[in-house]
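Q: Here is a sequence with its predicted model. Questions after.
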Amino acid sequence: MITVIPDGSFVIQMINFLVLLWILNLVFFKPIRTVLIQRKEKITGLEDGVEKLAKEVVEKDNAFENGLKEARVKGLKEKETFIEEASGEEKEIIEKINKKAQAKLAEIKKQVAEETEKARAELEKDIENYAKGIGEKILGRAC
C-alpha cells in the first residue's frame, strides 16, 4: 500500500491555495458581490419608488375626484344663484311692464272719458237742432 506523508510541499500547496483564493476573491468575487449588492439596492430603490408613485397616483386620483365633486357642487350653487338673480330680474321687469301697462290703461281710460264728455257736450249743443228737425218732419211744418 501507498501511504502519503505530508512534507514541505503540502504547506506550499496550502499557501498557494490560500493566495489563489485571496486573489480570486479580490479580482472576481468581490466585484461580482459588489455588483449584486448594488443591483439589489437599485431594485429595492425602484420598488420603493414604484410603491411611492402608486401611492401618489392614488392620492392624486382621490384629490382629482374630490376637486371634481367640489367643482360640481360649486357649479350647481352658482347655477342656483344665477337662476335666483334671473328670477328676481324677471319679476322686476314684469313689475315695470305691469306698471307701464296700468299707467297706459289709466291714460287711455282718461282720454276715452274726455272724448266721451266732449262728444256728449257737442251732442247736447246739437240736440235742440235735431229735435226741431225731427219735430218738423213729424208735424210736416216749420216750427
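A: Thanks, I have it. None of the values given here were measured: they were computed from a predicted structure. Numbering: from 1, shown residues only.

Q: Could you pull out the strands in this structure for me?
A: Applying DSSP state E to the chain gives no strands.

Q: which stretches of it have low pLDDT?
A: For the chain, residues meeting the criterion pLDDT under 70 lie at 142-143.

Q: Select the longest helix from it.
A: When the chain is scanned for its longest helix (criterion: DSSP state H), the result is helix 30-139.

Q: I'd like the distance from that one to the chain centre, please.
A: 18 Å (CA atoms, centre = their mean, to the nearest Å).

Q: and I5, backbone torsions?
A: Dihedral pair for I5: phi -110, psi 120, per degrees, to the nearest 10.

Q: Contacts only, for it.
A: Listed by CB atoms under 8 Å, 6 or more residues apart in numbering, I5 has no contact partners. (Each C-beta comes from the backbone N, C-alpha and C, glycine too.)

Q: What distance do you get for it to N16?
A: Remark: distance between I5 and N16 (CB to CB, to the nearest Å) = 19 Å.

Q: Check T3 too.
A: Distance of T3 to N16, computed by CB to CB: 23 Å.

Q: what separates the most centrally placed residue in the chain from E65, distance-wise?
A: Nearest residue to the geometric centre of the chain (CA atoms, centre = their mean): A71, 4.3 Å. From A71 across to E65, the span is 11 Å (CB to CB).
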